[in-house]
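Student: Here is a sequence with its predicted model. Questions after.
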Amino acid sequence: MPFVLQQHWTCIYFALKDNNIWVIDSMYSDPLAQHERPIANVVCSVCVMFHVA
């Protein structure tokens, strides 16, 4: 799922079968730490959308 943060594209990959979330961002070595709050909001929204607890 691509999305824009601070005028920069980032991608989140949801591996629902494995219960993993991957964040791809070419500008940061630790994109999860860099964009923690917005990514948490996206993850929460996707969980609600797919009824994942």
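Tutor: Happy to help now that I have it. Numbers count the residues shown, from 1 in each chain.
Student: Tell me which stretches of this structure form strands.
Tutor: Assigned by DSSP state E, the strands in the chain fall at 2-5, 8-15, 20-24.
Student: buried stuff in the last one?
Tutor: Within strand 20-24, the residues that qualify as buried are Val23, counting by 16 or more other Cβ atoms under 10 Å. Glycine gets a C-beta too; all of them are placed from N, C-alpha and C.
Student: Sheet-wise, list the partners of it with their directions.
Tutor: Note on strand 20-24: by DSSP bridges, its sheet partners are strand 8-15 (antiparallel).
Student: what's next to the partner strand, contact-wise?
Tutor: The contact list for strand 8-15 (Cβ atoms under 8 Å, 6 or more residues apart in numbering) reads 1-4, 20-25, 27, 31, 35, 39, 42-43, 46.
Student: Among the strands of the chain, which comes closest to His51?
Tutor: Relative to His51, the nearest member of the strands of the chain by Cβ to Cβ is strand 8-15, separated by 13.5 Å.
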